[in-house]
Structures are given as C-alpha cells and as structure tokens.
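Student: give me coordinates for this.
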Amino acid sequence: MKISIEQIVKDPEAFSADDTAVVENILNYYMACNEELKKIMRSNAADRLQQMAGVGLFTKKLLGAHGRAIITETIDGLFASDPEDYGVGWDIRRDGRFSTELLKSIYRSALPASKVLVVGAHIGTLAIPLAKKYAYVAAIEANPHTFRLLEMNIRLNNVTNCEIFNIAANDKEETLKFMLNRANSGGSKRKPVKDHYIYNYDEPQEIEVAGVALDNYFTRRDFDVVLMDIEGSEYFALKGMQDILSKARGLIMEFIPHHLRNVSNVTVEKLLALLPGFTTLRVPSLNKTVKREEFAGVLNYMYERGLEDGGLMFGKY
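Tutor: Next comes the predicted model:
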C-alpha cells in the first residue's frame, strides 16, 4: 500500500494500526537523523572542514554499511560517487554538473579528432564528457578506491574510447606514500613534504601506490591536450613526461600555492622550467592571458597571495 504524507495529514484514522506504526517509525527515524545532523553542524560550527567531514560520515551512515556509492544524473552523464565525499560528489549532487566552464573552454579549443590525457581523473567527471567529444582519452587515477568508481562510471556511461590506469604520475618508477582523504576524496595526494591540518583533518588512511614516469609508461606520445589535477604532484608528473609535453598543444593544470609549498616543496620557477615549449598562459580566475616572459610574474603574484586556479591553460601559439 502506498501512503503519502498528504494522505496521513488529511485523514490519519483511515489507516490500519500496522500502516500507522510503519509511518511512525519512518518519521521518528527521520527526526532522529535531522537532530543528529543539526548536532554535527553545531558542534563544528567554527571549522568548515570538520563540518564537511562530519556530514560525509553521516551520509555514509544513512546509506548503511554496504552503500558503496551514490549515483547522480548530471548534464554530462551518470556518476557514482563516494557517499562520504563532500567535494566533487557533493558538487554534482547539488548542481547536476561539474566544471562546465572548463569543459566549454576545452571544447572551443580542441578538434574532435584530439587525443586527451587526463592525469588525476578522480571519478571521471571530466574524462567521461571529454571521451564523448574526442577520439581518445587516457585517464590516470592513483586512489584505488576512487579508481573503482571511475571503472563503474565508464560502464554507466557506455564509454568505449577511454582507457583508465590505476597509477600515480611521478618523475620515476618508485613506490609512493599516498593519503586517502575521505571527506574530499579528490584531495587525496602523495604524502606532503610538510604536513598541514588541511591535509589530515579527516584522518586519511596512508597507503602505498605505484609511481611511474609517464614517458616510460605510455607507448604513445601523441596526446593533443593534457589535463592535470593531482593535488601537489604536478612538478613530479611534469618532470616524468617531458616527451609527452613536447608533442602536446595544450596543458590545463590546477594551481594551488600551498600544494607547491607543502606537498612538492618547489618554487614557481622550478615548475615553469618543466614547460619550455609553452608560449601562452590563460589564467581564468584573473581573466588574464600572458606571453611566456610574463608566466613567472603572474604565477608568483598568485603564489604570494594564496590565489588558486582550477585550470591554468598553457598553449603553444
């Protein structure tokens, strides 16, 4: 028997004792959950990161011990995300989309026959829509738990031209210590050189992953576009893919100053030294495009002020 809230409110005596008991149990459970959520928000009011971690744990609890993923329908397809993830997972559940402007920028600049390398694919919210537009996509994800969701999303979206690899991009072949963040799984990263609360607030599990130089790993070098979002490992990844970069026409890379400072412990100049062939830089967050000679000035300006950008766009024009 289907019972609506409207029916219960309109005529509560029209239902059997058993039906009423079921509804009461559901409502009591809902009220208890509501109070628990309020308590989480109140007790962590001064710490947004702990609020995020608390709500993530609460969501996971609601789904039960065997709830592995939440599937969300977005404008770019179906995506399974970790219930505990309040980074990308929450963004797609709230907005039904992810990085729409970045995708539009890529669509405007790359031809349909392009081959794309995504370094740090997470659950595929960029790699999968790109695979629907372009000839071929190779997607790398180091987090083994997130990689399982990426595999699932490839199947959910019937994508056949995207190969995925559970490796960490590095400057050489070695085993890396890797932190599995829970509240923001996209923030999982190699163990930072300098630790900080923002990297460990959700008590990430430390594991070991396989680090590889991409020039040695891939037999093909003909990627037209490279996307990179690997939470501070950019310097090491770029160092290990100089041949791939020499043939790419564009590089889109996240820029977060505290990642340079704490995770890889390198300067802007050391990072830029690995990008000799790129002649233009677009900084969307500043609405600014500069030539090669201005790269260091602009990025040091951002570095010193803690200004982040989700997708610096380096080109060869």
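
Student: secondary structure class for Cys73?
Tutor: One correction, residue 73 is Glu, not Cys. strand (DSSP: H, G, I helix; E, B strand; the rest coil).

Student: quickly list what it is bridged to.
Tutor: On the basis of DSSP bridges, Glu73 takes part in beta bridges with Leu78.

Student: chain center to stretch 267-278: distance?
Tutor: With C-alpha atoms, centre = their mean, to the nearest Å as the basis, stretch 267-278 stands 24 Å off its chain's centre.

Student: and it, how far apart are its ends?
Tutor: The straight-line separation of the ends of stretch 267-278 (C-alpha to C-alpha, to the nearest Å) is 18 Å.

Student: okay, buried residues for that stretch please.
Tutor: Residues of stretch 267-278 classed as buried: Thr267, Val268, Leu271, Leu272, Leu274, Leu275, Phe278 (neighbour count, 16 or more other C-beta atoms under 10 Å). Every C-beta, even on glycine, is put in place using the N, C-alpha and C of the backbone.

Student: residue contacts, Asp82?
Tutor: Contacts for Asp82 (C-beta atoms under 8 Å, 6 or more residues apart in numbering) come out as Ala69, Ile70, Gly89, His145, Thr146, Leu149, Arg182, Ser185.

Student: quick one: low-confidence ranges for this protein?
Tutor: 1-15, 18-20, 22-27, 29-34, 37 (pLDDT under 70).

Student: repeat that for 80
Tutor: Where the chain drops to pLDDT under 80, the residues are 1-48, 51-52, 54-58, 61-63, 220-221.

Student: how does it divide into domains?
Tutor: Domain assignment for the chain, taken from automatic domain parsing, gives 5-63, 70-315.

Student: among the ones you listed, which is the most enclosed?
Tutor: domain 70-315 (a mean of 19; mean count of other C-beta atoms under 10 Å).

Student: okay, how far is it across it, tip to tip?
Tutor: For domain 70-315, the first-to-last residue distance is 37 Å (C-alpha to C-alpha).

Student: same question for stretch 219-229.
Tutor: Terminal residues of stretch 219-229 are spaced 22 Å apart (C-alpha to C-alpha).

Student: list of residues touching it?
Tutor: The contact list for stretch 219-229 (C-beta under 8 Å, 6+ apart) reads 106, 110-111, 114-120, 122, 126, 130, 138, 169, 186, 215, 234, 237-238, 241, 243-245, 247-254, 310-311.

Student: do that again at 7 Å, thanks
Tutor: Contacting residues not belonging to stretch 219-229 are listed as 106, 110, 114-120, 126, 234, 237, 243-245, 247-254 [C-beta atoms under 7 Å, 6 or more residues apart in numbering].

Student: so of those residues, which ones are in helices?
Tutor: Ile106, Glu234, Ala237, Asp243, Ile244, Leu245, Lys247 (DSSP state H).

Student: so who does Ala138 touch?
Tutor: Counting by C-beta under 7 Å, 6+ apart, Ala138 has contacts Leu117, Glu163, Phe165.

Student: format those residues as CSV; extra columns: distance to Tyr303.
Tutor: Shown next, in CSV, are the contacts of Ala138 (distance: C-beta to C-beta, whole Å):
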residue, distance to Tyr303
Leu117, 26
Glu163, 34
Phe165, 31
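
Student: just the strands in the chain please.
Tutor: Listed in chain order, the strands of the chain (DSSP state E) span 70-74, 77-81, 115-119, 136-140, 162-165, 168-170, 174-180, 189-190, 205-213, 225-228, 250-255, 280-283, 288-291, 309-315.

Student: so can I have JSON lines of those showing distance to Lys60?
Tutor: Converted to JSON lines, the strands of the chain look like this (distance: least, C-beta to C-beta, whole Å):
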{"stretch": "strand 70-74", "distance to Lys60": "10"}
{"stretch": "strand 77-81", "distance to Lys60": "12"}
{"stretch": "strand 115-119", "distance to Lys60": "27"}
{"stretch": "strand 136-140", "distance to Lys60": "26"}
{"stretch": "strand 162-165", "distance to Lys60": "25"}
{"stretch": "strand 168-170", "distance to Lys60": "25"}
{"stretch": "strand 174-180", "distance to Lys60": "14"}
{"stretch": "strand 189-190", "distance to Lys60": "21"}
{"stretch": "strand 205-213", "distance to Lys60": "15"}
{"stretch": "strand 225-228", "distance to Lys60": "29"}
{"stretch": "strand 250-255", "distance to Lys60": "27"}
{"stretch": "strand 280-283", "distance to Lys60": "37"}
{"stretch": "strand 288-291", "distance to Lys60": "41"}
{"stretch": "strand 309-315", "distance to Lys60": "26"}
